[in-house]
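Peer 1: kindly return the folded structure for what I paste below:
(chains A and B)
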Amino acid sequence: MTFGPAVGNVGMYVAREMLISVPEDQRQTYLRMVEEISDLKYQLGVEVARQLPRLLVEGDSERVARYLSQVREVAATGWKSGVEVAKQLPDLYDAPDETLAGAYVDIVSQATAGPPEDTETAQLATELGDLERELREMEPKVKRAQELRTQLAARDRRDEKRRKHAVELASALPPILARLRPRYRPPYLDLVRQVAAADPEASLEAADTLLDLLNGERVSPEGAAEWVERGLDVLERNKEVGRGYFRLGSKYSLQVLEELKEGLALKSVARVLKLYATALSGQEIAIRGTNEMQAVDVFGVDHIILPPEMHFFEDDASNFTAYKVATAHGAGRIEFGTYRFSLEDIPETVERLRARYSEESR
Amino acid sequence: MAVESQKVEDFRLTKEPYYLPLGNEIELFESAYNARLPVMLKGPTGCGKTRFVEHMSWRLKRTLVTVACHEDLTASDLVGKYTLRGDETVWQDGPLTTAVKSGGIAYLDEVVEARKDTTVVIHPLTDDRRILPLEKKGEIVSAPEDFMLVISYNPGYQSVLKDLKHSTKQRFVAIEFDYPPPDLEESILKAEAGIDDDTASKLVKIGEKVRNLRTHGLDEGVSTRLLVYAGQLIQGGVEPIAACEATICKPITDDLEMQRSIVEIIATQF
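Peer 2: The predicted structure is shown next:
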């Protein structure tokens, strides 16, 4: 089916046989009328497109105008009534009593519109409209309230966990402090305080790890501070990863520690060195750190004093070799009596040597 | 124990086992043999007790029946028992009975490991009676003049539960062994492993140093036997430190720090 440019989209209402049944000189008018009525409601357009051809064939333009007017009138009160009226009205025009069509339209219009004095419905509709508008305006606020409720619940859970970990920390710290060497306590407390302020759970991990690091002299207090500082950066970005860092459970944490490590700790190799010295000298020898010098006799014959860390070299193997050389040297001094010499022995030694060498010189 | 399937003469040594005397042990043993006295060899593992008995067996031209005692070894295992053979019951001599009857040397190695009833069995053999009662058979075997009982044990292993009773100890002439002095140990290593003077000297020094760790975490020092093994591996082309680790370090301790300290001692020599 093809239509002229004025047809627009009325093709969706008008079937080919309908258009053919309209006199050719009125087809454009027909299509325009259908298009206008269909603007009110699609179903009206369909029904009017069905009924109009018979009216146009009659050639009574007044009746056509009246038909369209009455359909519009009824449709204004309710489109479904309008469709029914559009369907029935052409038959009523053929009735002997011409007033029937007008009465029919009035009755249907009034029945559809209801009593004109019914203001309550209009008020209700207005009120509903207002409420719906308000509800639409409230929607973002309700959504935000829900978000805030969720956030606050999460914060509440977090605070509960925080309080629980703070209690655990309160219980764990005193025994750790008792085990920690006294000189490391002030820097240790400062570092644990920093981590606890950021995350009590991470501070529990840090408390244990720092004890081992400092007591084992794996890092200096300055090194430990650097390790904590970098850990706090990690903690700020991600709590879980940060806790892993302070537990020494992350590759990065170990890597940082390796960077900060100050040589080979005597503590980690003391027993091997002790056994080595004992084997070399044939007597039991203890290994002591220079940090213990106040407590031991420096010239004692049962121990070798070595630095608490060895950092002559980059790698542990070479640092161990340095320890080993120092140990062998110490074991030699002990085995061959360097420290057994006493000032009281001098006269006797001189006499013995004099007797020996004077005999040999004779 | 497949003793019966072998002839007594199978236990005679035809080739002189290498043995380097460390003191007067050969004279003592010969005197004990001549006086028909049982001998007890005491000493740490791998110091040459068994080799000494083999050497003396060859030297005295006596057969040598060796029994490695273990915790399930009973008096019947030593003396003999009735066994079923086809449809009849036959008596089968144990290694001790075989040795007694043949007049050779019976050597009970690590005797304290065996069950207590075994020591009761050997008591009559160790005093002037020199008899072996075969209770199950109702027979008493008298030991010939040239029979000799030798036992060995390692005092370092013993505990309250496993020790020889005084009533047993005081029936034996005791010859005590220890690791050889360095010069003799070097000679032993050279003879047994075929290594040069320098390697032997280093191995002996390692042995000496490692033995210093006894009572410091090592139950026993490294034995001469292990030093010989090390020498044999080195002679066979194994790199010295690897050879020493495999023979000296790893067998004597599972303590990793102890192992490391021993490796350092080895590395100091090689």
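Peer 1: list the buried residues in the one helix or strand A:Y104 maps to.
Peer 2: Assigned by DSSP states H and E, A:Y104 falls within helix A:99-113. Neighbour counts over helix A:99-113 (16 or more other CB atoms under 10 Å in any protein chain shown) mark A:A101, A:Y104, A:V105, A:V108, A:S109, A:T112 as buried. In short, each C-beta sits where N, CA and C put it, glycine included.
Peer 1: repeat that for stretch B:182-198.
Peer 2: Neighbour-count burial for stretch B:182-198 flags B:L184, B:E185, B:E186, B:I188, B:L189, B:K190, B:E192, B:A193, B:I195 (criterion: 16+ other CB under 10 Å).
Peer 1: just the CA atoms of it, as CSV, please.
Peer 2: Extracted in CSV, the C-alpha atoms of stretch B:182-198 (Å, rounded to 0.1, in the frame of the first residue of the first chain):
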residue,chain,number,x,y,z
PRO,B,182,96.6,-39.6,65.8
ASP,B,183,99.8,-41.1,64.3
LEU,B,184,98.4,-44.6,64.6
GLU,B,185,95.1,-43.6,63.2
GLU,B,186,96.8,-42.1,60.3
SER,B,187,98.6,-45.3,59.6
ILE,B,188,95.3,-47.2,59.8
LEU,B,189,93.6,-44.8,57.4
LYS,B,190,96.5,-45.1,54.9
ALA,B,191,96.5,-48.9,55.1
GLU,B,192,92.7,-49.3,55.0
ALA,B,193,91.8,-46.6,52.5
GLY,B,194,95.0,-46.3,50.5
ILE,B,195,95.1,-42.5,50.9
ASP,B,196,98.1,-40.3,51.0
ASP,B,197,99.8,-38.9,54.1
ASP,B,198,98.2,-35.4,53.8
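Peer 1: would that stretch count as contacting chain A?
Peer 2: No: applying CB under 8 Å from any CB of the partner chain, one finds stretch B:182-198 separated from chain A by no less than 12.9 Å.
Peer 1: give me the number of neighbouring residues for A:G78.
Peer 2: A:G78 has 18 neighbours, counted by other CB atoms under 10 Å in any protein chain shown.
Peer 1: okay, helices next: where are they in chain B?
Peer 2: Ranges of helices in chain B, per DSSP state H, are B:25-34, B:49-60, B:75-79, B:95-102, B:116-126, B:166-169, B:182-193, B:197-211, B:224-235, B:240-244, B:250-252, B:256-269.
Peer 1: surely B:A230 and B:K250 touch.
Peer 2: No: using CB atoms under 8 Å as the test, B:A230 is too far from B:K250 to be in contact (11.3 Å).
Peer 1: outline the domain layout of the chain.
Peer 2: Defaulting to chain A. A:5-113, A:163-260, A:264-344 (automatic domain parsing).
Peer 1: correction: the question concerned chain B.
Peer 2: B:8-176, B:182-269.
Peer 1: least reliable of those domains by average pLDDT, please.
Peer 2: Ranked by mean pLDDT, the domains of chain B end with domain B:8-176 at the bottom, a mean of 88.
Peer 1: from the middle of its chain, how far away would that one be?
Peer 2: Distance of domain B:8-176 from the chain centroid (CA atoms, centre = their mean, to the nearest Å) equals 11 Å.
Peer 1: for stretch A:17-33, same thing?
Peer 2: Using CA atoms, centre = their mean, the offset of stretch A:17-33 from its chain centre is 67 Å.
Peer 1: which bits of chain B sit near chain A?
Peer 2: Applying CB under 8 Å from any CB, we find that chain B lies next to chain A at B:209-210, B:212-213, B:216-217, B:257-258, B:260-262, B:264-265, B:268.
Peer 1: what do you get if the cut-off is 10 Å, keeping everything else the same?
Peer 2: By CB under 10 Å from any CB of the partner chain, the residues of chain B that approach chain A are B:206, B:208-213, B:215-218, B:221, B:255-265, B:267-268.
Peer 1: now the residue in the stretch 101-250 of chain A positioned nearest to chain B. Nearest residue, chain neighbours left out?
Peer 2: Relative to chain B, the nearest point of the stretch 101-250 of chain A is A:G216 (15.6 Å; CB to the nearest CB). Setting aside the residues directly before and after it, A:G216 is nearest to A:K267 in space (CB to CB, 6 or more residues apart in numbering or on different chains), at 5.6 Å.
Peer 1: the one you found reaches A:E309, doesn't it?
Peer 2: Yes: in this structure A:K267 lies within contact range of A:E309 using CB atoms under 10 Å: 9.2 Å.
Peer 1: which residues do these two both contact?
Peer 2: Residues within reach of A:K267 and of A:E309 at once, by CB atoms under 10 Å, 6 or more residues apart in numbering or on different chains, are A:E217, A:R218, A:G289.
Peer 1: out of those residues, which is most surrounded?
Peer 2: A:R218 (23 neighbours).
Peer 1: and the next element down the chain from the helix or strand hosting A:L210?
Peer 2: If you go by DSSP H and E, A:L210 is part of helix A:200-215. Per DSSP H and E, the first helix or strand lying C-terminal to helix A:200-215 is helix A:221-237.
Peer 1: got a list of what the residue of chain A found nearest chain B touches?
Peer 2: Relative to chain B, the nearest point of chain A is A:L275 (3.5 Å; CB to the nearest CB). Going by CB under 10 Å, 6+ apart, A:L275 touches A:284-285, A:287, B:210, B:212-213, B:216-218, B:255, B:257-262, B:264-265.
Peer 1: for the stretch 1-150 of chain A, what spans make up the helices?
Peer 2: A:16-21, A:27-40, A:42-58, A:61-77, A:79-93, A:99-113, A:119-179 (DSSP state H, counting those that start in this stretch).
Peer 1: distance to chain B and mean pLDDT added to the ones you listed, as JSON lines?
Peer 2: Converted to JSON lines, the helices of the stretch 1-150 of chain A look like this (distance: least, CB to the nearest CB, whole Å; pLDDT from 0 to 100):
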{"stretch": "helix A:16-21", "distance to chain B": "100", "mean pLDDT": "86"}
{"stretch": "helix A:27-40", "distance to chain B": "95", "mean pLDDT": "90"}
{"stretch": "helix A:42-58", "distance to chain B": "91", "mean pLDDT": "91"}
{"stretch": "helix A:61-77", "distance to chain B": "100", "mean pLDDT": "92"}
{"stretch": "helix A:79-93", "distance to chain B": "95", "mean pLDDT": "93"}
{"stretch": "helix A:99-113", "distance to chain B": "101", "mean pLDDT": "91"}
{"stretch": "helix A:119-179", "distance to chain B": "22", "mean pLDDT": "90"}
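Peer 1: what does the stretch 151-300 of chain A have sitting close to chain B?
Peer 2: A:269-285.
Peer 1: in helices, which of these fall?
Peer 2: Per DSSP H, these map to helices at A:269-281.
Peer 1: quick check: the farthest pair among those residues?
Peer 2: A:V269 and A:S281 (17.7 Å; CB to CB).
Peer 1: thanks a lot, see you next time.
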